[in-house]
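Undergrad: Prediction below, plus the sequence it came from.
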Amino acid sequence: MINVAVCGCAGRMGSTVVNAVTAADDMQVVCGIDPYGEMGEFPVYKSIEEALEAGGFDVLVDFTAPAVVAENLRKALPTGVDCVVGTTGMSNETLEELAALAPEGTCLFVAPNFTTGAVLMMQFAKAAAPYFPEAEVFEYHHCNKKDAPSGTAIRTAQMIAEARGFESAAPGAETEIEGCAGARGALVEGVPVHSARSMGFVANQEVIFGSLGQTLSIKHESWDRESYMPGVLLGIRSVGERSGLVVGLENFMD
Ligand code: NAD
């Protein structure tokens, strides 16, 4: 039985993780951590320090907020707890610095997106990137999302940039008319990323590639937070066998 602590257990993602872990046969929630959480089937601590002091968990799952996740990990990793992190917004440098705090045999697993469809979308985008001189990423999320662009969009742009090895020649920010800064999107490693926020969306993304006379669109739509749960459970089951920093669910998908 894998003992799991869920950080952010009162949130949209955290509460879905609590339900998914509870429904699985090979793991259980031993505690939650959330300043707005309430005691129920398991204790809920107001801070990571209180949870670490109580102990009793092998894996910490974090779905909190970009402003607090690094601090949570800074406290948890040195104790040797494997961490499965969905909270977005941390740079690669921060992740490497945090992973270095963990003793040998401890894993920091971070997935910008836990849906299998989004992982495949990124892999398809990587495969297409060398063949198209232009690429733009369009992401659509609910309006309570705290970071823009999304972690998935940033990761997709990075993968496109690495795979193609050239800069797009499409017109950029210099063509934006006065008073409309940002119309051409944010440049992430040379790839324009456009972020839409609206009620109605959970998390969608489309990557559009262009070359002479043709475009290729790769689109992923996630309409329910349940779509993330198989990936989160796979992460919880897999971290015990890995050590150090692992970024991306693709590392655990056959
Ligand atoms: P949310 O605002 O609904 O929930 C966050 C929860 O964290 C809240 O209940 C809040 O009280 C709690 N919290 C705040 N500070 C805390 C702390 N110091 N310790 C413990 N808990 C704390 O947010 P959400 O929609 O559930 O999203 C959470 C994060 O997950 C966001 O960064 C979001 O972008 C990310 N996310 C990632 C994926 C993925 O596949 N990787 C998917 C969806 C969302």
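TA: Received the coordinates, thanks. Residues are numbered from 1 along each chain as shown.
Undergrad: Near the ligand, which residues of the stretch 101-250 of the chain are found?
TA: 111, 112, 113, 114, 145, 147, 228 (C-beta under 6 Å from any ligand atom). Where C-beta positions appear, they are placed from N, C-alpha and C, glycine not excepted.
Undergrad: From residue 152, how far off is the fourth one?
TA: Using C-beta to C-beta, to the nearest Å, one obtains 10 Å as the distance from residue 114 to residue 152.
Undergrad: Residue 193 bridge partners, please.
TA: residue 137, residue 186 (DSSP bridges).
Undergrad: okay, which residue is most central for this protein?
TA: Geometric centre of the chain, nearest residue: residue 112, 2.2 Å, by C-alpha atoms, centre = their mean.
Undergrad: mind listing what it touches?
TA: Listed by C-beta atoms under 8 Å, 6 or more residues apart in numbering, the contact set of residue 112 reads 88, 150, 151, 152, 154, 155, 247, 248.
Undergrad: ok, back up a step: ok, of the residues of the stretch 101-250 of the chain next to the ligand, which one's closest to residue 178?
TA: Checking those against residue 178 by C-beta to C-beta gives residue 147 as the nearest, at 27.9 Å.
Undergrad: Do a quick rundown of the strands in the chain.
TA: When assigned using DSSP state E, the strands of the chain occupy the ranges 2-7, 27-33, 44-45, 59-62, 82-85, 107-110, 134-141, 186-188, 191-197, 203-211, 214-222, 244-247.
Undergrad: Save these as JSON lines, and put in mean neighbour count and mean pLDDT too.
TA: Formatted as JSON lines, the strands of the chain follow (neighbours: other C-beta atoms under 10 Å; pLDDT from 0 to 100):
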{"stretch": "strand 2-7", "mean neighbour count": "25", "mean pLDDT": "98"}
{"stretch": "strand 27-33", "mean neighbour count": "22", "mean pLDDT": "97"}
{"stretch": "strand 44-45", "mean neighbour count": "22", "mean pLDDT": "97"}
{"stretch": "strand 59-62", "mean neighbour count": "27", "mean pLDDT": "98"}
{"stretch": "strand 82-85", "mean neighbour count": "26", "mean pLDDT": "98"}
{"stretch": "strand 107-110", "mean neighbour count": "25", "mean pLDDT": "98"}
{"stretch": "strand 134-141", "mean neighbour count": "21", "mean pLDDT": "97"}
{"stretch": "strand 186-188", "mean neighbour count": "16", "mean pLDDT": "96"}
{"stretch": "strand 191-197", "mean neighbour count": "18", "mean pLDDT": "98"}
{"stretch": "strand 203-211", "mean neighbour count": "19", "mean pLDDT": "97"}
{"stretch": "strand 214-222", "mean neighbour count": "15", "mean pLDDT": "97"}
{"stretch": "strand 244-247", "mean neighbour count": "17", "mean pLDDT": "96"}
